[in-house]
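K.L.:
Next input, structure requested:
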Amino acid sequence: MIYGNESISHYTKSNISVWMLMALQAGVLNIGGFMACHRFVSHVTGFATFFGLELAKGRPRYAWGMLLVPLFFLFGAMLSGQLVDIRLKLRKKPKYYIAFGFIFFLTLVVFVGGALGFFGTFGEPLGARRDFVLLALLCLVCGVQNGTITTVSRSVIRTTHLTGITTDLGIGLVRILNRHKLHDVENEEKATLMRLGIILFFGLGSVLGGYVFSRYGHLGFLLPVCSSGILFVAMTYFRFAKKFQTSLRGHSDS
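P.N.:
Predicted structure coming up:
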């Protein structure tokens, strides 16, 4: 993936490392958003539920806020589609480094904003405009991340929420249990292990984030800043290092 491969058919160590770090990061972001604003940020279902709940309580302002925030998840997925999916379909190299650079920039904005008090008191009841801004930024991050990994994996992997991947895990386990009736189960075994790993690392991210955010509040967002920074540097290095090596090889051959 970090070299611009279109498929995840090859379970390389570099690809697996990227997937697991992204799942860990998603777990941290999700627990951070929940502890800061009492809303999960890595999946849209909850916002639709809260929209109905707020309308039932006669609070249309909050209801429309719950409806608008997940649009930023959509915008993030669209941005990822422009940088990755469309370029793959045009047989061009996807710009992973820009997508991950955007994630790094947004998490840095969240961290700095929280450290400077722009998002108020950590864990305060949801209601102020700044709370919706924080939720929107975190949803935007998750949208870019989920869109990127979904495109690259051809919808096999999603790292920001576990509903789909748990469903796929269940189907995969049944296929493995019926391996004597099926052919080409080897890839299914690899995919099943990968899905278990993503669920595990998402859970680890939630545990780690819960510990850090409970102690340090908004400063806990330094964790996804570091993880996204690592991914951004890795994507940028391998993208341009390989290009530089190819250029040097061409000069030496000539």
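
K.L.:
Show me where this protein has its helices.
P.N.:
Assigned by DSSP state H, the helices in the chain fall at 13-37, 45-56, 60-68, 71-80, 86-89, 96-115, 129-152, 163-177, 186-216, 222-253.

K.L.:
Tell me the buried residues in the shortest one?
P.N.:
Neighbour-count burial for helix 86-89, with 16 or more other Cβ atoms under 10 Å as criterion, is recorded at 87-88. From N, CA and C alone the C-beta is placed, and that goes for glycine too.

K.L.:
neighbouring contacts of that helix?
P.N.:
Applying Cβ atoms under 8 Å, 6 or more residues apart in numbering, the external contacts of helix 86-89 come out as 6, 93-95, 151.

K.L.:
Any regions of the stretch 51-200 of the chain where pLDDT drops low?
P.N.:
152-161, 184 (pLDDT under 70).

K.L.:
mind redoing it with 90?
P.N.:
Along the stretch 51-200 of the chain, the model assigns pLDDT under 90 to residues 51-70, 84-85, 87-97, 125-129, 145-199.

K.L.:
which residue is nearest the middle of this protein?
P.N.:
In the chain, the C-alpha nearest the mean C-alpha coordinate belongs to Gln145, at 3.5 Å (Cα atoms, centre = their mean).

K.L.:
how near is it to Arg239?
P.N.:
If you measure Gln145 against Arg239 using Cβ to Cβ, to the nearest Å, the figure is 18 Å.

K.L.:
Isn't Leu208 up against Leu223?
P.N.:
Yes: counting by Cβ atoms under 8 Å, Leu208 does reach Leu223; the two are 7.1 Å apart.

K.L.:
Show me whatever sits in contact with both of those two.
P.N.:
Applying Cβ under 8 Å, 6+ apart, one finds that Leu208 and Leu223 are jointly contacted by Val28.

K.L.:
between the two, which one's more packed in?
P.N.:
Leu223 (23 against 16; other Cβ atoms under 10 Å).

K.L.:
rewinding a little: what's the closest of the contacts of helix 86-89 to Ile230?
P.N.:
The closest of these to Ile230 turns out to be Lys95 (Cβ to Cβ; 18.1 Å).

K.L.:
who are the neighbours in contact with that closest one?
P.N.:
By Cβ under 8 Å, 6+ apart, the contact set of Lys95 is 83-84, 87.

K.L.:
cool, and Leu79?
P.N.:
By Cβ under 8 Å, 6+ apart, the contact set of Leu79 is 99, 102, 143-144, 147.

K.L.:
tell me which residues in stretch 182-193 are buried?
P.N.:
Result for stretch 182-193 [16+ other Cβ under 10 Å]: buried residues 185, 188, 190-192.
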